[in-house]
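1. Following is a predicted model, sequence given first.
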Amino acid sequence: MLRAAMTAAAQLIQPPPALELRGLTKRFDRPVVDALDLSLASGEFYALLGPNGAGKTTTLRMIAGLTRPDAGAISIYGVDALADPVAAKQIIAWVSDEPMLYDKLTPLEYLEFIGGLWGVAPPICERAGRNLLTSLGLAPHWHERCEGFSKGMRQKVTLAGALVHEPRLIILDEPLTGLDAVSARHVKGLLRARVDAGCTVIMTTHILEVAERMADRIGVIAAGRLVAEGTLEELRQRSGEGGGSLEDMFVAMLASEPAAA
Amino acid sequence: MASDSVLWFARHELRLALRESLAMLKAGRSGRSGRRGGLIVGLLLFTALMHLMAYGVVGRSDLAQAAPTKATLIVITASLALGWMLMLSQAIESVTRVFYTRADLDLIRSSPFALKTILSVRIAAVALMITAMALLIAVPFVDVLMLLGGPRWLTAYAMMAAIGISATAVAVAVTVALFRLCGPRRTRLVAQILSAIVGAGFVIALQVAAVISEGTLSRFVLLTSDSVAAITPEAGSLWWWPARAILGDSPALLALLAFSLVLLGATMALLSPRFGDNLTEALGRTIVVSAASRARPFRLGSPSRALRRKELLLLARDPWLVSQTLMQLMYLIPPGVMLWKTFDGGGDSALLLVPVLVMAAGQLAGGVAWLSISGEDAPDLIATAPLPPQRAIRAKIEVVLIVIGAATVPLLLPLAAMSPGAGLVGSVYVAVAAISSTAVQLWFRAQARRSQFRRRHVSSRVAIFAEAFSSIGWAATSALTLYAPLLAVIVGAMTLGVLALAWAISPQRT
């Protein structure tokens, strides 16, 4: 009783975690995500690494409300995402490697549409949208339909769409796929600025260098379970290779994990 | 390019074309042997049915036996012209598709083959496919005529080749001309619209002429009338060569075949280089929206309103919808002219417009519903937006009804003014047909790219049939409500039965 009261008091003082997964489970023909626990503090940049088929995308899709888990709980800034998906979606943004665009809309029209969906006041949405497009180098293409855009441009428009409604949790699945070095730098800069402003980011990536340079914490997932987690330094110490790159550690870690094979 | 590699490329082209048409037939399933058996049985049944239908059309007429009288020549020439226009419509569609939408264009352009030769081969392949299509349509009719009138009708098959080849040649010329006139981006849209108009235009023009001159919707009455016989040229004229060729006049047939081949050859030689230039131009062009929408500030609205606005904007920019709506409206012209002609004679012909309008509403609603419900290009975006899924679907259904309302109200209002009863019945059944088609699309929804619209029937043939039956059923019910209410109840119940059956086997229910 006393303990419960103390926990409640502690929660009042301490804000709830930005994202909390408890026993998250999803099976398709085999368990894809297997009783996964994860906790992200507010303002944290978290990278989820793992081999193909490890369950990274399924995990993110469950957080975004696109896939219903078989078991477990998802809490986003204290909102139970399974009980009240609309409230949870209000504060999150989802970006997948497949740009979610309409060929026949211009970037500005697209952002206006997203502003409408998330209920952002039009003048605020317009100002934010123009700023985002400018910082992503898309200002010359404001009034062009997206159908003629390159993969990288499309991905940037999608990203602008994700950021225009000021989400508190940004979920990114391979956001840098198809981007050139300059564009990737734009995107990384934008994300970093968001995190510095208190936003929380969880992303999957195949580019280990990105995780190494951008993430506050890295989680390694294999066969639907978290096999390692920590800052880059902690992971280094754990794998016992003081000076190795993340790639070396990653390969070593997965090799020592029988479930991943 | 050596001649053997031309042949090799031609084989590649034909294989692609054949697979595309097979995929249409097989509804996207893989060709396992069990399915193949079913497909063959289905095709045989279809062929038998087509022959029966052809017998119904030409069996009783005196086309088969009689020596060509002028009336026979007129009817045959008109049928050939209709066939040729249909093939031209198909050819324009094929040429634009093959040249602008096949994804291998960049691969081919980057290969060391001469672009001009490749384009010529492509044009030839289109001509072959169009000829095959003409044959496919003509076979039942020619078979029946041969059965009744003897082997002289065999030449009709060669005539089909002449039709396919010349239609393709003209289609290429039209497409190149469109490119010059409308620019690279618009060509596809304009070609689509043109193809629809050409396909339906001839029939509709004949009907309008029939209404105006004879006061009937029957084209046959017009063609066999004395007034037409009086204005058409003498029996020896060049105009009758196609008809003569089909009736077994070998010199005429050979001349027409040769003319078609020369025409196609000339198009290849003269216009394939143009196509090459056009394609180079078309790449990397972007569309800039009009200045009016540039200056507009972001608008206020609820999530549902944002969704509706987006759907309407996308529909307005949809080439298919524009051409389809135009075609549906064109089919309304003859009954409209009829209505106008008999305006003071009595309101009875107002009733004619009702079923046509109901049918058009049902068909249009099916297409629009597919575009907005299944053809959502960013389903994940809508799924992660903070609004319940039911509200998103509701907004999309509202869009379908808005579009149908906007398309039919301008026609329903004058109808109601002339005949309030017909106006009321028309409005009710237009709404019922639109809602039914939308419901079918909802039950059978399967997420697909919007650009896949042309192949939407591949995903579910049941849905297409249900949609067609419900549109026809409600059109019939609306007409019967005005003429024979008791029968209307029966046909209405049958239509509901079809819809219930579709719902029972739909994937959304299971």
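-> Ah, there it is.

2. quick one: which helix or strand includes residue B:500?
-> Here residue B:500, judged by DSSP states H and E, is contained in helix B:485-504.

3. Measure how far that helix is from the centre of its chain, please.
-> Relative to its chain's centre, helix B:485-504 lies at 27 Å (Cα atoms, centre = their mean, to the nearest Å).

4. can you list contacts of it?
-> B:436, B:439-440, B:443-444, B:462-463, B:466, B:469-470, B:473-474, B:476-478, B:480-481, B:509 (Cβ atoms under 8 Å, 6 or more residues apart in numbering or on different chains). Backbone N, C-alpha and C define where each C-beta goes, glycine included.

5. for stretch B:242-253, same thing?
-> B:68, B:72-73, B:76-77, B:80, B:152-153, B:155-156, B:158-159, B:162, B:241, B:255-256.

6. Could you rerun that using 7 Å?
-> Contacts to stretch B:242-253, defined as Cβ atoms under 7 Å, 6 or more residues apart in numbering or on different chains, come from residues B:68, B:73, B:76-77, B:80, B:152, B:155-156, B:158-159, B:241, B:256.

7. quick one: which of these is most hemmed in?
-> By neighbour count, taken as other Cβ atoms under 10 Å in any protein chain shown, the most surrounded of these turns out to be residue B:159 (25 neighbours).

8. element containing that one?
-> Element membership of residue B:159 [criterion: DSSP H and E] is helix B:155-214.

9. just residue B:507 next, same as before
-> Residue B:507 belongs to no helix or strand when elements are defined using DSSP H and E.

10. Just list the residues touching the nearest residue to it once chain neighbours are set aside, thanks.
-> Nearest residue to residue B:507, sequence neighbours excluded (Cβ to Cβ, 6 or more residues apart in numbering or on different chains): residue B:444, at 6.7 Å. Contacts here follow Cβ under 7 Å, 6+ apart; on that basis residue B:444 touches B:460, B:462-463, B:506-507.

11. pLDDT at residue B:444, what is it?
-> What the model reports as pLDDT for residue B:444 is 86.

12. Quick check: it vs residue B:380, distance?
-> Distance of residue B:444 to residue B:380, given as Cβ to Cβ, to the nearest Å: 21 Å.

13. Could you do residue B:490 as well?
-> Counting by Cβ to Cβ, the gap from residue B:490 to residue B:380 is 46 Å.

14. So which of the two has more stuff around it?
-> Between residue B:490 and residue B:380, counting by other Cβ under 10 Å, residue B:380 is the more crowded of the two (18 against 12).

15. hang on, isn't that one packed against residue A:99?
-> No - assessed by Cβ atoms under 7 Å, residue B:380 is found out of contact with residue A:99, at 10.3 Å.

16. all helices in the stretch 401-510 of chain B, in order from the N-terminus.
-> B:420-443, B:456-459, B:461-483, B:485-504 (DSSP state H, counting those that start in this stretch).

17. Please disregard the earlier target; I meant chain A.
-> All helices of chain A, identified by DSSP state H, fall at A:2-13, A:56-63, A:85-90, A:107-118, A:122-135, A:151-163, A:181-196, A:208-214, A:232-239, A:246-255.

18. With chain B as the reference, name the closest of those helices.
-> Among the helices of chain A, helix A:107-118 comes nearest to chain B, with 2.3 Å by Cβ to the nearest Cβ.

19. Give me the helices and strands touching that closest one, please.
-> Here helix A:107-118 touches helix A:122-135, helix A:151-163, helix B:303-316, going by 3 or more Cβ pairs under 7 Å, 6 or more residues apart in numbering or on different chains; DSSP states H and E.

20. and these, which is most packed in?
-> Burial of the helices and strands packed on helix A:107-118 is given as mean neighbour count (mean count of other Cβ atoms under 10 Å in any protein chain shown); helix A:151-163 ranks first at a mean of 24.

21. Mind putting the helices of chain A into CSV with distance to residue B:7?
-> Shown next, in CSV, are these (distance: least, Cβ to Cβ, whole Å):
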stretch, distance to residue B:7
helix A:2-13, 77
helix A:56-63, 46
helix A:85-90, 58
helix A:107-118, 47
helix A:122-135, 51
helix A:151-163, 37
helix A:181-196, 45
helix A:208-214, 50
helix A:232-239, 61
helix A:246-255, 51
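
22. Could you dump those helices into TSV and include mean pLDDT?
-> Formatted as TSV, the helices of chain A follow (pLDDT from 0 to 100):
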stretch	mean pLDDT
helix A:2-13	64
helix A:56-63	92
helix A:85-90	91
helix A:107-118	91
helix A:122-135	92
helix A:151-163	90
helix A:181-196	88
helix A:208-214	81
helix A:232-239	79
helix A:246-255	73
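
23. Next to chain B, which bits of the stretch 51-200 of chain A? Give me the list.
-> Counting by Cβ under 7 Å from any Cβ of the partner chain, the residues of the stretch 51-200 of chain A close to chain B are A:64-66, A:86, A:89-90, A:94, A:96, A:100-106, A:109, A:112-113, A:115-119, A:122, A:125-126, A:143-145, A:148.

24. and the residues you listed, which are buried?
-> Among these, the ones that count as buried by 16 or more other Cβ atoms under 10 Å in any protein chain shown are A:64-66, A:86, A:89-90, A:94, A:96, A:100-106, A:109, A:112-113, A:115-119, A:125-126, A:143-145, A:148.

25. Can you pull up the most central residue in the chain?
-> No chain in the question, so chain A it is. By Cα atoms, centre = their mean, the mean C-alpha position of chain A lies nearest to residue A:171, the distance being 2.4 Å.

26. Switch to chain B, please.
-> residue B:196 (6.1 Å).

27. State the distance from that one to chain A.
-> Going from residue B:196 to chain A by Cβ to the nearest Cβ, to the nearest Å gives 20 Å.

28. Then residue B:74?
-> Residue B:74 sits 46 Å away from chain A, going by Cβ to the nearest Cβ.

29. For residue 79, report the pLDDT, please.
-> Here I'm looking at chain A. Confidence at residue A:79, expressed as pLDDT, is 92.

30. Can you look at chain B instead?
-> Reading off the model, residue B:79 has pLDDT 81.

31. Repeat that for residue B:262.
-> 94.

32. again with residue B:345
-> 48.

33. do the same with residue B:89
-> Taking residue B:89 on its own, its pLDDT is 86.

34. That one contacts residue B:195, correct?
-> Yes - counting by Cβ under 7 Å, a contact exists between residue B:89 and residue B:195, whose distance comes to 4.5 Å.
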